[in-house]
Every structure is written in structure tokens, then in C-alpha cells.
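S.K.: below: sequence and its predicted model.
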Number of protein chains: 4
Amino acid sequence: MRTQNLSEKLIQWRRDFHSYPETGFLEMRTASKVAAILGQLGFKLQLGKEVMSEHHCMGKPNGNMTKKHYHWAIENGANKEYIQNFADGYTGIVGTLDTQKEGPTIAFRFDMDALDINESTIEEHYPAREGFNSSISDKMHACGHDAHTSIGLGLASLVASNKEKLSGKIKLIFQPAEEGTRGAKSMVKADVVSDVDYFIASHIGTGVPHNHFVAANNGFLATSKMDIEFNGVASHAGGNPEEGKNALLAAANASLNIYAIPRHSEGATRINVGELHAGSGRNIIADKAYLKIESRGEDSSINEYVKKQVESIVSGAAAMYQVDYHIETVGEALSCECSNDLAAVLNACAQDHPTIEQTCLASDASAGSEDATYFIDAVQKKGGLATYCVFGTELAAGHHNELFDINEDTLLPSVEILYASIMRLNAS
Amino acid sequence: MRTQNLSEKLIQWRRDFHSYPETGFLEMRTASKVAAILGQLGFKLQLGKEVMSEHHCMGKPNGNMTKKHYHWAIENGANKEYIQNFADGYTGIVGTLDTQKEGPTIAFRFDMDALDINESTIEEHYPAREGFNSSISDKMHACGHDAHTSIGLGLASLVASNKEKLSGKIKLIFQPAEEGTRGAKSMVKADVVSDVDYFIASHIGTGVPHNHFVAANNGFLATSKMDIEFNGVASHAGGNPEEGKNALLAAANASLNIYAIPRHSEGATRINVGELHAGSGRNIIADKAYLKIESRGEDSSINEYVKKQVESIVSGAAAMYQVDYHIETVGEALSCECSNDLAAVLNACAQDHPTIEQTCLASDASAGSEDATYFIDAVQKKGGLATYCVFGTELAAGHHNELFDINEDTLLPSVEILYASIMRLNAS
Amino acid sequence: MRTQNLSEKLIQWRRDFHSYPETGFLEMRTASKVAAILGQLGFKLQLGKEVMSEHHCMGKPNGNMTKKHYHWAIENGANKEYIQNFADGYTGIVGTLDTQKEGPTIAFRFDMDALDINESTIEEHYPAREGFNSSISDKMHACGHDAHTSIGLGLASLVASNKEKLSGKIKLIFQPAEEGTRGAKSMVKADVVSDVDYFIASHIGTGVPHNHFVAANNGFLATSKMDIEFNGVASHAGGNPEEGKNALLAAANASLNIYAIPRHSEGATRINVGELHAGSGRNIIADKAYLKIESRGEDSSINEYVKKQVESIVSGAAAMYQVDYHIETVGEALSCECSNDLAAVLNACAQDHPTIEQTCLASDASAGSEDATYFIDAVQKKGGLATYCVFGTELAAGHHNELFDINEDTLLPSVEILYASIMRLNAS
Amino acid sequence: MRTQNLSEKLIQWRRDFHSYPETGFLEMRTASKVAAILGQLGFKLQLGKEVMSEHHCMGKPNGNMTKKHYHWAIENGANKEYIQNFADGYTGIVGTLDTQKEGPTIAFRFDMDALDINESTIEEHYPAREGFNSSISDKMHACGHDAHTSIGLGLASLVASNKEKLSGKIKLIFQPAEEGTRGAKSMVKADVVSDVDYFIASHIGTGVPHNHFVAANNGFLATSKMDIEFNGVASHAGGNPEEGKNALLAAANASLNIYAIPRHSEGATRINVGELHAGSGRNIIADKAYLKIESRGEDSSINEYVKKQVESIVSGAAAMYQVDYHIETVGEALSCECSNDLAAVLNACAQDHPTIEQTCLASDASAGSEDATYFIDAVQKKGGLATYCVFGTELAAGHHNELFDINEDTLLPSVEILYASIMRLNAS
């Protein structure tokens, strides 16, 4: 494939995904297209539950939403051959190209999901002006995962075209549900990276300037997202107050005490009860209460500490009011320490690229949370190297903003730097 | 009007109101029909804001709901001549018949509103079998106010027919929004009973057996219904937790401490936070929180004590978290001590009625809360006598139940006993 | 014994006990004197652990306090023969006189303990003026138990003198630690009343006017007194906040939620956290916290309900903060319903007594809590009759006041009424 | 003065102070001796309230304790001439030596107070073995302030002996009550350093190895120590629960919510409620409650943020329960950023000293809190330079430990380094 063509392809893919944004565990149309392209390029495909542990999927939408979206995907251009594989919302894909020559297994992670945001339609918004803005309300690729998916397909194209020059195996991981840090763990638990020597995740933007490159981003906070439910017993508050088991009070107590979790001397923590909904009538002892909670920690063990305290508090608050409770972890991510040696390889590739003006070997800038950290952790624990790099781009507005947009000029260099890293790792 | 005819009329009216249930401050169709009938019978009419203080209406639906219901009322048989008077949701009516002879002013209160309940349509449910069950979903006359309105119109008929035999003035008060104890106060504050010598409120059912009669019900608990809102400042819980003003925490604290309001040594209290809703996202410090609260007290001063504590607690909880708050009283009722002398008159009337098997002069049985107590209080404070009587009837199911139904045989005797009380009070 | 002499004796005994007040489970001097007198009068004696279940003594002082008081008792005129029996703080006595004639077993309960109050020494205070006020600071007979003990000995004298006229058995129970409702349960559990047909407890004063008599007091609230301890882990609040297990927070949470225990629809409740002490330094996460709690209920099952909620809340609060807890019940009493037939007998005896001006068969006046209710409950459960009567007297100041004093004229009539009840019960 | 002599003097002074430890605002014996020596050396003296703002003394003991200690000081060797100046507990001293030659004003701060710790008397404890351990129980120089005072006197001696070689003014500040960070602010507010060009505070030990030196310690956390009192209304919890204003509940709420103060995104915070004491009896609504609180912040503004939240929470908790409250700040300290240029001067002096093996120009090691930061802040704000240096020494046990002891070999080098800094600053 000629570079000119590839560049056009990248933009075309990206705009197609941008027009049809799909949120976590519903990336059916996207995944069907990715699978079709990878298959055509000669990659061996592993799809859906083959690469996702059901038990470790977090925050997956319910069956109704999944079924409804399936029909939407079919009506909106999903690939008919592959769509069946993703009908149940397990939308992960691993495409492997085995060069049949001895060499390392190198994996790349691309995330595919969009956000519950209503994209702007004003003239100043480039996707709107060019007519590739979101085709549906309240969903939008406002974080750049449309670009990531496109880059992944571009990398697949280059790898396939240059297969003869390569050795070892190339694994391209297309992950669902990075938003809310929900999807990575299920792929790791399905052993997707257990054979991987080098692992590279990447993100576009995140405040890194256009044509700059960060080879290792270490600033991720570990996080846990928890949905908590209390189930008590309703009773008439005037007639039989003593017969109620008050879920609202359990939830209020839990909330208050969760904020009171002690600071940790070894690093920053965050804790929030973002939502509390309890009760169904003024004069009824509330039998149901729901909390949406998020913890963060400067490293995984600090976040684990906060999460343990949350569990104690919720359990104690439920015991106080003799109500039942259920804690569901609907998202989770680790902190990470990227592998210097691998970052150095990427850094060198970026420095060699004609468009890159500045590179940074490693950054500690706080960058929220990312569940690619599960892959990084798993690879490093097996002795492999892993890093998380960032391709700087010009942003029209911040991530998760209705006016978010990238500069499409960043797509091709990103593909080329990743491809170059394979060459270097093969050579080393 | 012959008794035979009146009995048929009572049933016809009651079934019409039953088929078109309207909830508090939306009784437009009902009120338009009541006004038309009273007008035809020669009663002087005072309508809407003439008999309701805007400032003292509690828990009135918003403009949109009111406007929407107005159109429904027009489409569903409202009286075209009178409907305009009630378009804004002030649906109270006072019909006065002045005999032009010297004598006392005697007032009767009838409430007109229905409940947000979905009426059963099973064959065993008499209104369903007979085809006069609710014509709309989620609204139902499940407390008997359809019967009350019908009795009020029956009494108007008897009074009009027998005008020559009577002296003084007869005032028939048709009150909106008794459910939630929201409507009476606004009519009292509009001076509807400031000239009243005798005031009689009545209810059908409430556990009193068929053909039994209670001349004075003293067991009402004073109550306050409060909606509370906390307004804080949202901030990103990970990025700038110190910038938030946490409305969820203010609400959780208020809830917990409201339940901790001390018992009162002089009588029973009740307090409930029935609903708490706060926050809009897992990772955002919640800037909004809402509580639905209800207090009760064995008498008005005890309820007032509880309400004052609620106010202190809410104000303190808001101060803790530097958030604003607003308490809106959306319903309120007093306790009462009926006038023995007036109860004795009614008791005698009931004992004289051929259908009545047993009477009770005064009962302390707990009967929830009632805002007719505002009328009782106002009349007694001016030196008048007031009572709250109950017409026993056979109930198919408890009040506020989807299978609730009365025995229509109770309608005519109820009218006749009330009418008889006028004769006796004129004679005394 | 001539009545003249008995009256003098009663005053002499009462003043002796008044001068040497002993608090709960330390009534060693008192008990030694009681035992000596009963023994001399021919009563069969059961002492200390013979009539008290160790396991059911609540709120007993520790060994050091007990030992220290023992020496005080010896130095302050305790009876040398009997003091050994009470050295360990088990100070209960049962004296039984068996007439050897067939007849009922009739038991009387007298309590012996004083209060931790510093008696006034002002001239206006009769015991001070007459020189029989408390010989030690911070202890005082401010509730009349000195009179009760004296009445018990007076009754013993009359019974002994008139043994020939009596049938059945007479049991005189001298109970420790009624204050704090701590001592009765242990005597009941030692089967002290398992053979009793008639049981009569009595109190002087309690607001009943001089020369009035109440034959049955039913107004006692059931109560539980609990001491709660939380044990956590201290840590430096600046250096290692995450290592602490915060007992102060567990106690604060427990306190707040204990007040929030729902009202009970079947009767009044009370709950109080009277004391909270936690922590040992500003900069240390508190590892210890203590609560003093009291619950009350209109009847025993309602109090039991409150107590159960306390237990849930304390257990939940401890779980929240991962601290250990211990709840010790240090006092407890039941509600009671006196036996009408026995009350009628006492009422008749009182009506016959020349000094009594007015009697009341049964009163529901709230009278705090009393652990004689354990005896009443046990006797009634075995089919016996039991009552709690009150001898009205003139009080210089309210019970538990430093100026409390009774009118000693009440002593002799009290003895005579109790004696008369034996005669009547023997005759019936 | 010959060095040999000075070294002996330093040890003699230090041991004298060690034997007679005096806690904050009670350093009367110590101050009287310091004043006498400085006076003898020709320093101009400013004493007590001349150098302390009454209004800004925090956590000062009450009058009784002060008076009692005054007598102790007199009986234990206080200097008779100067003791009167410190009788009221204002024990600060500023000794100024004006060389009458143009030059900078250089100030040194030495703290004098001991701790409420019972010094060990075991043989292994050097002060005990040598017989100079604390002469009284529960007070001990366990932080090295005895050494500091001795070093200050040593510096005074050197300065006086070498007066001719110096220019400008030398100010020696002897500060009370550094423990609890209570005394410095009052000296700053009395303008003690408003004319100072260079300010040097110092500490011995703090984990810096023997013969090491840190020229600038920047790791102090800002802190506030607060005593909080709630005043409510007592009432009988059984009889009149509604009449109480519950201080225990206000305190429990305040405690819980104080721990829930949000983390700050710009730096670490700490918050602790170390003690809570409330209530006086099981059955009484508590009318008094006390909290001991400590906040910390990575810098002064972060600590100020925490303190403001504490104030809101306390005020809100009091409002909730309609109780009064009082917050007293009983200690406070700032964070600091030492002046590099002045640190460089000291570092050079230390490097030149024969005993010093290693120096550190600036350290961020967390070192708790210090109120010398008030002096540093005031001097820097006026354009002067200020630093806080540390003389490493061998510690027998950690600071605030009953076995704490320094190596007295550190005394003379400390004096000499400080003296050398004057020489250098004069020369520059």
C-alpha cells in the first residue's frame, strides 16, 4: 500500500467510526468492520468470548440494551459476515500475524469505544462541517478512540504489506470499553497477552502538543468504579416505622464514612460518592438505595487500600440497618511503571520520524486512569516489556468535550512510528 | 326532588367523578361540574382564587402539568361555562345559600381530589364490572372523594329544595388537594370560614362499619410534608476535589440527623426521609440533592417541634458543606379536638336515621392526617363549633388500594344526616 | 414487741443506715446488720452467692473497689459475725420464716443501696440538723432505701413476734443494687422466688402524697443500661493515618445512629448516649472509645426491640472501622402488670389502716424503671400473684436530690400494712 | 573564653536544664537563668511581654498552673533577680548585642520548653546513669531543647568574647512553647524580628546523622491545633428528651464530617480528631462536649483550607443541634521555603568545620511541624533571608521517647558553626 493511499484510508476509517460511535461493550459495528479488514489482510482472528473472560467484564450493559444495539448495528452498516460474533456484546478482537520466523511476540492495544456525549453540530466543529459527525444523538467519539481504531487498522495494513521483512508474531488487540476502565481486564484474564514479549498501548492527544511524542506515560492513577446497592424492607413510616429496614440510612451512612477514609501516607488518594438515589415515597421507609462510587490511588496498592475501606464501610453500614448490600466493581485500572528499555526504542523511532519535533522519554504528568495498565502489568509480570506512549496532536477542544476533534495529520505518523518499533524490536 | 331520584343522582354523580379522577389542584373537570350544578340550584358561587390564597397553596403542580391537564379536562367533558375559572389550577369552590332569615352560618367541607394509583380492571372490582372505573391510567378515586363530592351535591339539592324551611346561611365548601394535606390551608387563609358558626367535615369509610356513624374523630396526627433542596458546587472529584461544595454529603448528614430528632415526652412523633436523590455522575462532586420528608406529631405543637428540629438540622447540614438550601412545605395538617356540642347534634341526627345501627359520639382512633383540621381550628378560634364525622360503609379494599370501593347505599343516608343537622341547628 | 418500741426501732435503724450509705454490691455493713437481726429473730438465712447468680450480676464494681469497701465496712461498725459472707460484694439476703403450718409462701422485697450523691449539710436539711446525715462524702441514701431496709426489719420483727398466728412461709428478700437496676435479676436467677405464691415489692415516696397508698404501680418502663467499648489501633495521625483503626469514629457513628433508631408504633421508647469518651492525644488516631447508653420502652418487648437495634448499630459501626467492640449490659429492668387480686388485698389493708387517707388500686403514672419487675415477672410466670405498692410520704426534696428526706412517720404504717397483708392472705 | 571551657560550660548548662525541664509557657527557671547569663555577658535584655504579644499566645496554661509552677521554679534554683519577669508565664527573651558598627542584624532562635513525658530511669539511659535526668515526674527534655538553650548561651558567650571583631547587631531569641507550635507567633507579633536581615533557626537531631549538617530544612507541614467546645442544654433523657440540646451529637457529627473534608489537589493534607469527650451521665442529654483536633497541609494555604472547612463543619454541627460552640486555636505553624543564599552561607561554614563529615544544602524530608516558620515568614516578607538548619547528632532513641538522649559532642560544633555564619555574613 502506498503511503498516499494509507493516509486516505486512515482518514476514511476514522471518519466512518466517528459517524457511528458505539459505547463500551456495544462496539458491534466497529468490531465487525475491524474483523473483516484484519481477516482480509491475512491476520488470524480471535473474536468475542475467545479473547474476553465473561467473568471479568465490568459494567457491561444489560441484555435489552445489547439486543437493541445489535439491531441498530445491522441497520447501520455492520459487516454481515462478522456481526454475529459480537451480538452478545463481547466485542474484543485479537488479530495475529505469525511471520513463521523466529522472533518476539509484539502486541499493540487499540481501544474502540465512544462516549455518552451529544456531539456539537455547529459550523465551527470540523466533523459537522465536513459531514462526518455523529449520526446519533448522545453518543460521540470525544476521546479519539475512532482515531486509535483507525491507527490499528493502518498498522495492520503496513504489517501485512511488509510481512516478509518481519519476524516473530504481531498481535493487534482491539479492546472494548476503555471508558470507565471496564474492558481490558477481561482480555487480560483471557490470556491475550500471556505470550507477549513487548506490549505497546498508545493514545492520541491528552495535552501533548502536535508533533510531539511521549514514549512512556507513568502518571496513571489506579482506580476502582463501584456500584453499590442496599436492599432493605419498606414499611409505612407513620404506621409501622419499626418494621422497616432503612436502605436510605444505610446509604447515607456509607456515603459519609466513605469520604472519611483516612489519607494514605504513601501517596495521593481520591474518593467520591457521585450519586445516591434512595426511596420511592415520602411516607415509606426506603427499601432500596444505590450509590455510584469512584476511588483513586497514586498506585495500585493505595487504590486497593481505599477500596478495602469502602468495602468495610459498606458492609458495616448495611449491618447497622440490617439491610443487604451488593458491591459491583464496574470499572478498574491499575497504575503503571513503563519499561524504560521499550520506551527508549519508541523514543528513537519517534526521533527518527520526519514530522516529530520533540520527544519525551517518560512523563509523570497525571493523566487520569487507563485500563491498558492491566496489559502492562500482566506483560511485565511475565518478564516482558511494556509501555504506554502518546501521539501529540492539535485538539479543537479537550477530551470528553462536545467540540473535541483531533488533527488528522497525526494519524499516519502514528502508524509509522508504531511500525518502526516493530522493525527495531525485530532487529535488536 | 324525590328521594328516589336523589339516590339515583348521587350514584350517577359519584360514578361520573369516579370515571374521571383528577388529582390535587387539577380537579378542573370536577369543579366545573360542581359549579354548574350549584349555580343551577341557586347557590351564590365563589370560585378559584376568590376562595384560595395563592400564597398558601402547598405542593401545587407546575404550570406545564396544569396546562396539559386543562386540555384533558376540556376534552373529557368539563363544563364549558365554568372551566375557565379553574384553568390555573385553583379549583376550590364555595357555594352559599342565604335563606335571608336570621340564623347561623353552617358550613360543610367536601374534598374532590383523586390519587396517583392505577385502578384495577379485574372482573371482581365492581367499578370495572359496571364500567365506571377510571378512564385513565395511574389516577384513581381510591379514597372516596368521588363519593364526598357527590354527597356535597346531594346536600346542595336537598338544601335548595327545602330552602323555605331553613334559616341562616348554608355554605358548601368543595376543597381541592386533600391528599398530601395541601389544599385546606389556602381556603382558610382566604377567609372562607371566618363567618362560620358551625363547621362539619365528613369522610366515608376509614374502617367504620357499614351503617355505623362516628360524630367526632379526634385521632388525627398533625403533619408536615417538606421538600428540601441543597445547591452546592460541582467539581471534578479526581482533579479538584477541594473546589466542590458537596450537596450529597449535606443531604446525607441531614437525613441521618433528622432521624435522630429526640422523642417528645408529651406524645408520639414520626419522622421519615422517604427519598434522597443526589448527584449526576460518578466522578463529579454532587451539586444538587433533594429530600422528601414527612413529620407527624400527636398534636400540632409536637409536630411543630419536630418541624423546627428539621429546619435546624437542614440549615446546619448546609452550613457544614457551605451549600445553599431551600425547604418547601408541600403539605400540612393540624391535630384537632372536635366540639362536643356539635358532635352531639350530629350523633342525634344519626341515631334518628333508620339505616344507622350504631353511633359513636367521639373516637380517638388514629386516622392518619387530614387538613380539614385547618377549618376546624379556624372556626373554633373564632368561637364557632366544628366537628369531623365519619359515615361507615362497606369497603371492598382499604383506602389507597387499587381495589378500593365503597357501598353506594351509604350515599343517601349521609346526605340525609347532614341535612338533618342543619334542621336541628336551625331549631336550637 | 410493743408498737411504741417498734416505731423507735424503725427510726433508729433507718438513721443508722442513712449515716452509713453503701452503693450497689457494696452494701456489706448494711447486709451484715440485716443478717444479724434476721438471724436473731429466728429467720433461716441464705446469704450472698446462695441467693445471687454470679453470672447475672450487672454493673458490679471491680475487685479493688470491693476490697477497699470491705475494709471500710469493718471499720464502720459492720457486724463481725456476718461481714465475711458479703466480702466479695454479693450482698443479697433471704430470710425465711417457716410457720410449719400449711399455707402460702409470701415474699417481700426490700432494696438496700444508696447513691453517689454528696448529701447536703445545711441546717435546713433534717438529717444534718439531727446529726444522722451521711458520714462519707459522695454517698447518700437519697432514694429512701434506708427506710425500705428498716421497714423490712420492722416487718421481720412483727412476723417473728406473731409467728404463732401465721401459716405458710414468709420470705424477706433484701436486694442489693436496685439503683441502675442491677441486682434483682441475679436473685431471680438464683431461684429466690421460684416457690413464691405472693410477691410484694414496695417503695416510699415517688410523689405519692403523705398518708396516701398505691396498691399497684404499673407505670414502670423497661430499660437496658449498656456500656460499650470500641478497641481499635492507634497510629500517628500525621505519619501513618492509614494504619489506624479509628475507635473514635466508630463511637461517633454508633452514637449518631443509635439516636436514629425508629420510633415504635406500639409504645413510647427512649434512647440516650449519655457519655462518649474517646482518644488519648490530639495527633493520635484514637484506639479506644467508650459509650454509656440507656434505652427504655413502654413494655419489655419494645425495650428489647431498641436494644437489638443498638446491638446492630454498634456491630455495624465497629465493622465500618474494623475495630473490635464489647457491649456489657450493666443494668436492666422489665415493665410490669401488677396482679389485680393481690393489689386489692393490699388496698383493703391500707384502707383499714387508721393513718391512710386515700388509696389507689392501680396507677399508670410513669415511675421510671425498677428491677423488682424481674421478681414480679418470675412469680407471675409460675402462676403466683405479684404487685408493687407505694407508701406516700412527705418529701423534703425529690428523689436523687442532695436534700432528699422522708417523713419518718410513714415507717410504722408501712410495716403494719405489709403485715396486715400477710394476715389477709393467710385468711383467704 | 577558651574552647575547652566553653565545651564544659555547654554540657553543664545542658545538664542543668535537662534536670529541671519546664513545659511551654512555664520555662521560668530556665528563662531566669538565660536572662542572668545574657545580662552578665552584656546583652541588652527584653523580657516577657516586651517580646510576646499576649493576644497571640496559643495554648497557654491557666493561672493556677502558672502560679503553682512559679513557686516550683523559685524552690528549684531560679535566678532570684530575673524570676519576677516571668512569673505570669510570658517567658520569652530577646538578648541584643549592638556592636555599634554598621552591619546587618542577625537573629538566632533557640527554643526552651520540655515535654509531658516521664523520663526513663534505667541504667542504660545516660542522663539517669550520670545523675542529670529529670528531677520531676512526667516532664522531660525529650526533644533536645535543653541543648538548644545551651547552644544559645554558648553562642552568646562567643559573640560577647569576640564583640570587637563583629559588626551590626546580634539578636538571640529564646522562645517558649515550641512544642504544640504555640510560642513563636506571639514573639513575631511583638515585632521581635521586624528589623532582622538574617534569621537562623536550628534543631539538633531529627534523624540527621552524627556530624552531618542540613543547611535548609523545607519539609515542614503547616499545621493548626484546635480545641473545640460545644455547649448545649442538659435534660433528663427519659423524662424530657425534647428539652435537651445535645452537645454529644454535635461533637459526633463534627468529628465524622471533619474526617470527610475533601483531599486537596495541590498537596497532602492531614486531619485528626484525637480526642472527643462528651456527657456526664448515662441518662442525661449531654450538654458539654470537647474535641482536640489537628490539621496539617503541605503548605500554609492548604492547611488554611482544611482549617476553614473545620470551622464550617463545627459551626454547622452546632447549628444542627442548636448548641453554642467555641474554637480555640491552641497551636499553629506555617510551611516554609528557606532562603537559598543564607543556607549556602551556613553550608559553607559547616563544610569548613573540622567535625562535619557531610552537609546538605536543602532537604525536603518531612519533619513534622515547627513554629520557627513564623519567624522565617516574617523575615522573608520584609525582604530578609531566613533558614532552618539541623545539627546531626547520635540519638539514643527517637524524639519524644522516654529514652531520648543526644550526643553532647554535637554542642560545641553547633555553636561554632552558628558563630562562623555571623563572621561570614559580616564579611559579605
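M.R.: All right, it came through fine.
S.K.: would you mind measuring from residue A:271 to residue D:257?
M.R.: Residue A:271 is 15 Å from residue D:257, where distance means C-beta to C-beta, to the nearest Å. The way it works is simple: take the backbone N, C-alpha and C, and place the C-beta from them, glycine included.
S.K.: average pLDDT for stretch A:412-428, rounded please.
M.R.: Mean pLDDT, stretch A:412-428: 95.
S.K.: contacting residues around that stretch?
M.R.: Under the criterion C-beta atoms under 8 Å, 6 or more residues apart in numbering or on different chains, residues A:3, A:6-7, A:10, A:103-104, A:106, A:108, A:147, A:151, A:154-155, A:158-159, A:162, A:165-168, A:170, A:198, A:200, A:202, A:204, A:211, A:213, A:345-346, A:348-350, A:352-353, A:355-356, A:391 lie in contact with stretch A:412-428.
S.K.: can you select the buried ones from those in ChimeraX?
M.R.: Buried residues among these (16 or more other C-beta atoms under 10 Å in any protein chain shown), as a ChimeraX selection:
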select /A:6,7,10,103,104,106,108,147,151,154,155,158,159,166,168,170,198,200,202,204,211,213,345,346,348,349,350,353,356,391
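S.K.: so which of the contacts of stretch A:412-428 are in helices?
M.R.: For the contacts of stretch A:412-428, the ones inside helices are A:3, A:6-7, A:10, A:147, A:151, A:154-155, A:158-159, A:345-346, A:348-350, A:352, with DSSP state H as the criterion.
S.K.: give me the subset of those touching chain B.
M.R.: Among those, not one lies near chain B by C-beta under 8 Å from any C-beta of the partner chain.
S.K.: tell me which of these is nearest to chain C?
M.R.: Nearest to chain C among those, counting by C-beta to the nearest C-beta, is residue A:346 at 36.1 Å.
S.K.: give the bridge partners for residue A:272, please.
M.R.: Beta-bridge partners for residue A:272, by DSSP bridges, are residue A:294.
S.K.: you'd agree it is up against residue A:310?
M.R.: No. The pair residue A:272 / residue A:310 is not scored as a contact, 10.9 Å apart, by C-beta atoms under 8 Å.
S.K.: what sits in contact with each of these two?
M.R.: A:293, A:295.
S.K.: so between those two, which is more surrounded?
M.R.: Higher neighbour count among residue A:272 and residue A:310: residue A:272, with 30 against 24, using other C-beta atoms under 10 Å in any protein chain shown.
S.K.: can you read off the pLDDT for that one?
M.R.: If you check residue A:272, the pLDDT there is 97.
S.K.: against residue A:301, how distant is it?
M.R.: In terms of C-beta to C-beta, residue A:272 sits 20 Å off from residue A:301.
S.K.: burial of residue A:266, as a residue count?
M.R.: 14.
S.K.: how close does it sit to residue C:389?
M.R.: Taking C-beta to C-beta, one finds residue A:266 at 69 Å from residue C:389.
S.K.: and the residue most central in space within chain A, what is it in contact with?
M.R.: When C-alpha atoms, centre = their mean is applied to chain A, the residue found nearest the centroid is residue A:178 (1.2 Å). Residue A:178 sits next to A:24, A:111, A:113, A:145, A:184, A:370, A:371, A:372 when contact means C-beta under 8 Å, 6+ apart.
S.K.: ranges for the helices of chain A?
M.R.: A:3-19, A:28-40, A:63-75, A:126-130, A:145-161, A:184-189, A:247-259, A:300-320, A:340-352, A:372-381, A:411-427.
S.K.: how many other residues sit next to the residue nearest to residue A:26 when sequence neighbours are not counted?
M.R.: Spatial nearest neighbour of residue A:26, chain neighbours left out: residue A:69 (4.5 Å); criterion: C-beta to C-beta, 6 or more residues apart in numbering or on different chains. Using other C-beta under 10 Å, residue A:69 has 21 neighbouring residues.
S.K.: cool, and the one 3 residues further on?
M.R.: Around residue A:72 there are 16 other residues, counting by other C-beta under 10 Å.
S.K.: in chain A, where is pLDDT below threshold?
M.R.: Applying pLDDT under 70 to chain A flags the ranges A:1-4, A:367.
S.K.: show me which residues of it sit near chain D.
M.R.: Counting by C-beta under 8 Å from any C-beta, the residues of chain A near chain D are A:256, A:257, A:259, A:260, A:262, A:263, A:268, A:269, A:270, A:271.
S.K.: out of these, who's the most crowded?
M.R.: For the residues of chain A next to chain D, neighbours tallied by other C-beta under 10 Å; top is residue A:257, 27 neighbours.
S.K.: tell me the contacts of residue A:323?
M.R.: Residue A:323 neighbours (C-beta under 8 Å, 6+ apart): A:230, A:231, A:232, A:233, A:245, A:246, A:247, A:250.
S.K.: right, I mislabeled it, should have said residue A:292
M.R.: Per C-beta under 8 Å, 6+ apart, neighbours of residue A:292: A:225, A:226, A:227, A:228, A:273, A:274, A:275, B:279, B:281, B:282.
S.K.: most neighbours among those, which one is it?
M.R.: Busiest of these [other C-beta under 10 Å] is residue A:273, holding 29 neighbours.
S.K.: I'd say it and residue A:295 touch.
M.R.: No. Taking C-beta under 8 Å as the definition, residue A:273 is not a contact partner of residue A:295, at 10.3 Å.
S.K.: once you drop chain neighbours, what's closest to the closest residue to chain C within the stretch 1-150 of chain A?
M.R.: Here the stretch 1-150 of chain A gets closest to chain C at one residue, residue A:58, 25.2 Å apart by C-beta to the nearest C-beta. Distances taken as C-beta to C-beta, 6+ apart place residue A:182 nearest to residue A:58, at 4.4 Å, with adjacent residues excluded.
S.K.: relative to residue A:375, how far out is that neighbour?
M.R.: Noted for residue A:182: a distance of 14 Å to residue A:375, by C-beta to C-beta.
S.K.: neighbour count for the two, which is higher?
M.R.: residue A:375 (29 against 26).
S.K.: name all residues that make contact with that one.
M.R.: Residue A:375 neighbours (C-beta under 8 Å, 6+ apart): A:107, A:109, A:173, A:184, A:187, A:188, A:192, A:193, A:199, A:201, A:386.
S.K.: also residue A:220?
M.R.: Counting by C-beta under 8 Å, 6+ apart, residue A:220 makes contact with A:333, A:334, A:335, A:336, A:367, A:368, A:369, A:370, A:373, A:388.
S.K.: got CSV for the contacts of residue A:178, with neighbour count and distance to residue A:327 too?
M.R.: Shown next, in CSV, are these (neighbours: other C-beta atoms under 10 Å in any protein chain shown; distance: C-beta to C-beta, whole Å):
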residue, neighbour count, distance to residue A:327
A:24, 28, 20
A:111, 27, 26
A:113, 28, 24
A:145, 27, 28
A:184, 33, 20
A:370, 27, 23
A:371, 30, 19
A:372, 29, 25
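S.K.: what subset of those residues is also close to chain C?
M.R.: Okay, of these, nothing touches chain C (C-beta under 8 Å from any C-beta).
S.K.: wait, which of those is closest to chain B?
M.R.: The closest of the contacts of residue A:178, once distances to chain B are taken by C-beta to the nearest C-beta, is residue A:370, at 13.0 Å.
S.K.: contact residues of the stretch 151-300 of chain A facing chain C?
M.R.: So the stretch 151-300 of chain A meets chain C at A:239-242, A:244, A:246, A:249, A:253, A:257, A:260, A:262-266, A:285 (C-beta under 8 Å from any C-beta).
S.K.: can you tell me how far residue A:160 sits from chain B?
M.R.: Distance of residue A:160 to chain B, computed by C-beta to the nearest C-beta, to the nearest Å: 40 Å.
S.K.: residue A:235 touches residue A:284, doesn't it?
M.R.: Yes. Between residue A:235 and residue A:284 there is a contact under C-beta under 8 Å: 7.3 Å.
S.K.: residues contacting residue A:192?
M.R.: Counting by C-beta under 8 Å, 6+ apart, residue A:192 touches A:51, A:92, A:94, A:107, A:171, A:173, A:375.
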